[in-house]
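Participant: Compute the structure for the input listed below.
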Amino acid sequence: MTTFQAALFAFSVLYIAVLGWVLTRANRRATPRPDANTPQTPSSTLAEYFVSGRDVGMWTAVATLGATEIGLITIAYNAQKGFNDGFAAFHIGIAAFIGCAIVGMTGLIVRPLRRENVLTIPEYYGKRYGQDVRILGASVMALGGILNMGLFLKVASVFLLALLGIDPGAGWIAPLMIALVVIAVAYTAYGGMRSVIATDVVQFLLMVSAIIGGAAFLTTIIPPSTAATIIAQQKGPSGFDPLVNENFGLTYVIWMIFVAGIVSSAVWPTALSRALCIKQEKDVAPAYLIASVVFMGRMILPAFLGVLAFAYFNGGADVMPDTVRSDLQSSLAKYGTDADLAATPLMLGMALPEILVAFLAVAMFASFMSTQDGYLFCWSSIIARDIAGPLTGRTEDVGFQINATRIGIVAIALYEVYWGLLYAGKEDIWDYLAVSGSIYFCSGVVILVGGLYWKRATRRGALLALAFGFSAIVGLAPVKAALGLDALSSPAIGFGAIALSAAAFIIGSLSETPPPETATQRAATSGA
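Facilitator: Down below sits the predicted model:
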């Protein structure tokens, strides 16, 4: 056994042991023994499974927010952006910080929604607008979210294989995709949201230490000043200024403040669901304010790795150790259209010491799990609670809800494997995620803000907003091509879909009598 293999085995065993211990403790807490003084009711059992009993403290909330939103997919797409666009890609992280900080300072959406004491976002739709809006809203939300997951497995597999130096033509991508999803399915279904949050904390600490350690070591091989020189030579001003970069521009930058910041923290269900788990309402906004730094780092650090990878593959002998003077461009070419995705992990595998590569591989695996579990649970719980539950009249049936969620987890995982091998769009990973997610959030942000802050909002307005917001699907590359709309940018389509959804929401709401105002609405509109 080589040094690398021994280190990889040791780190893997340690990670699995810690994860198993955490899961066991989480499951014991999730299924307490019967106590005559504190009897378990269906409501408390459902709250335990779906929102971790609403006992999450502020710092744990920050960690689980970070872990869910700093997965391997996040590292991969930001590294890809850094490789393709240089330092100009850093603006996405700054935009994420600005947007999330706005949410943290104002409590926008997250604070009043926590006040509602719902278990899922569509459950709020039902309370505010009616059960038909709940079911339709949940369907749109689940569709957008599940489409959003479509490339997770493929991206994770390519990244891990490149990091480990395994030839992409060896036929390992599909088996690795299946192995990754089986592990994620097993422990996510096992303990619900408490398992997700408990393991997220461990995985957050592991991945952050690995990314920072790897980046720090790489700067001794490729100094940032050298990387900047190479970016300037190869990409010119577009490698530094997003406003002159043809892949970005002013509209894109504004879109990123909205999508990477406000939507990702306060509208996207995997992040917003964390607000529903926090024990005290007063801790919700501060948790998001602190997490704004994490949201910035999750974009900038991987993008920096991508910048270093570009310099590594384009800088010649001056930036390479003698041990890797092989034909790097040839190695990269093996990945074909995935070359920009594989560049960063390929560099990490070549440039770092074997023991650090082994640690990084386990950390990357953990980072994939930390996103996979949160997403699988989020969408399957929405299907169970907000589509299957209302349609069958079993929203408070504990056994049905938990079993339906577990079935949903398996079904979504099977879809992931299929879609990861099928999808042939040509956009960057991040752009695919932003567009597929907009299928939900273009109407979701309108319905949430309108319902929480506008007492005049009605069921008809919500239904129309959902219908018109779905136009965001036009932003997906294959759909744009089929409709002959390639000249339109995805941000322009997204803003257009939001405008249509908002206009429909306002017109529809004004055309019918509003329902009685709730206490939460009165508090929200009065600034409480």
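
Participant: C-alpha only now, for contacts and for neighbours.
Facilitator: OK.

Participant: and the longest helix anywhere in the chain, what does it pack onto?
Facilitator: Identified as the longest helix of the chain according to DSSP state H is helix 173-221. Identification of packing neighbours for helix 173-221 by 3 or more Cα pairs under 8 Å, 6 or more residues apart in numbering; DSSP states H and E yields helix 3-30, helix 42-51, helix 58-69, helix 152-164, helix 284-314, helix 339-351, helix 354-383, helix 398-422.

Participant: 6 Å instead?
Facilitator: Applying 3 or more Cα pairs under 6 Å, 6 or more residues apart in numbering; DSSP states H and E, one finds that helix 173-221 makes contact with helix 3-30, helix 42-51, helix 58-69, helix 152-164, helix 354-383.

Participant: pLDDT averaged over it, what's the number?
Facilitator: Predicted confidence along helix 173-221 averages 78 (mean pLDDT).

Participant: re the thing from before, right, so of the helices and strands packed on helix 173-221, which gets closest to Ile230?
Facilitator: Taking Cα to Cα as the criterion, helix 152-164 is the member of the helices and strands packed on helix 173-221 that comes nearest to Ile230, at 23.3 Å.

Participant: Direction-wise, compare that closest one with helix 173-221 and give the angle.
Facilitator: Relative orientation of helix 152-164 and helix 173-221, computed by axes from the mean of the first three to the mean of the last three Cα atoms, to 10 degrees: 50 degrees.

Participant: How about Leu46: what's its closest non-neighbour residue?
Facilitator: Nearest residue to Leu46, sequence neighbours excluded (Cα to Cα, 6 or more residues apart in numbering): Val398, at 6.3 Å.

Participant: returning to that earlier point: got CSV for the helices and strands packed on helix 173-221, with distance to Glu416 too?
Facilitator: Shown next, in CSV, are these (distance: least, Cα to Cα, whole Å):
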stretch, distance to Glu416
helix 3-30, 24
helix 42-51, 22
helix 58-69, 17
helix 152-164, 7
helix 354-383, 10
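
Participant: can you tell me which of these the model trusts least?
Facilitator: Set side by side, the helices and strands packed on helix 173-221 give their lowest mean pLDDT on helix 42-51, at a mean of 73.

Participant: Looks to me like Pro242 is in a strand.
Facilitator: No. With DSSP: H, G, I helix; E, B strand; the rest coil as the criterion, Pro242 is coil rather than part of a strand.

Participant: That one: what's it in contact with?
Facilitator: Pro242 makes contact with Ala88, Phe248, Gly249 under the criterion Cα atoms under 6 Å, 6 or more residues apart in numbering.

Participant: separation between the second one and Ser489?
Facilitator: This means Phe248. For Phe248, the distance to Ser489 equals 10 Å [Cα to Cα, to the nearest Å].

Participant: And the two? Which one has more around it.
Facilitator: Set side by side, Phe248 and Ser489 show unequal neighbour counts under other Cα atoms under 10 Å, the larger going to Phe248 at 23 against 15.

Participant: for that one, helix, strand, or coil?
Facilitator: Quick answer, by three-state DSSP: Phe248 is coil.

Participant: what pLDDT does the residue nearest to it when sequence neighbours are not counted get?
Facilitator: With sequence-adjacent residues excluded and distances taken as Cα to Cα, 6+ apart, Phe248 is closest to Pro242, at 5.6 Å. You'll see Pro242 listed with a pLDDT of 96.

Participant: just the one 10 residues further on next, same as before
Facilitator: Predicted confidence (pLDDT) for Tyr252: 92.

Participant: Around it, how many other residues sit close by?
Facilitator: 19.

Participant: How about the contacts made by it?
Facilitator: Tyr252 makes contact with Pro491 under the criterion Cα under 6 Å, 6+ apart.

Participant: in what helix or strand does it lie?
Facilitator: Taking DSSP states H and E as the criterion, Tyr252 maps to helix 250-256.

Participant: hang on, Leu488 in a helix?
Facilitator: No. Counting by three-state DSSP, Leu488 is located in no helix; its state is coil.

Participant: Need phi/psi at it.
Facilitator: For Leu488, the backbone dihedrals (degrees, to the nearest 10) come out as phi -80, psi 130.

Participant: Distance-wise, check it relative to Ile429.
Facilitator: Counting by Cα to Cα, the gap from Leu488 to Ile429 is 18 Å.

Participant: tally of neighbours for Ala492?
Facilitator: Ala492: 14 surrounding residues under other Cα under 10 Å.

Participant: Neighbours of the residue lying closest to it once chain neighbours are set aside, how many?
Facilitator: Counting by Cα to Cα, 6+ apart, Ala492 lies nearest to Thr251, which is 7.4 Å off, once chain neighbours are set aside. Neighbours of Thr251 under the rule other Cα under 10 Å: 14.

Participant: Kindly report the same for Gly336.
Facilitator: Neighbourhood size, Gly336 [other Cα under 10 Å]: 11.

Participant: for Ala497, same thing?
Facilitator: 26.

Participant: measure Leu113 to Val267 for me?
Facilitator: Look at Leu113 and Val267: by Cα to Cα, they are 11 Å apart.

Participant: Val110 now?
Facilitator: Remark: distance between Val110 and Val267 (Cα to Cα) = 8 Å.

Participant: quick one, what contacts Ile300?
Facilitator: Residues in contact with Ile300, defined by Cα under 6 Å, 6+ apart, are Phe90, Gly93.

Participant: hmm, back to that, just tell me which of the helices and strands packed on helix 173-221 ends up closest to Phe217.
Facilitator: Closest approach to Phe217 among the helices and strands packed on helix 173-221 (Cα to Cα): helix 354-383, 9.5 Å.

Participant: picking that back up, neighbour count for Leu488 and Ile429, which is higher?
Facilitator: Ile429 (21 against 12).

Participant: how many other residues sit next to the nearest residue to the more buried one once chain neighbours are set aside?
Facilitator: Of all residues beyond its chain neighbours, the one nearest Ile429 is Tyr77 (5.4 Å), with distances taken as Cα to Cα, 6+ apart. Counted by other Cα under 10 Å, the residues lying close to Tyr77 total 24.

Participant: Could you do Ile222 as well?
Facilitator: Neighbourhood size, Ile222 [other Cα under 10 Å]: 20.

Participant: Distance of it relative to Phe87?
Facilitator: Ile222 sits 15 Å away from Phe87, taking Cα to Cα as the criterion.

Participant: Three-state assignment for Ser395, please.
Facilitator: That one is not Ser; residue 395 is Thr. Three-state secondary structure (criterion: three-state DSSP) places Thr395 in coil.
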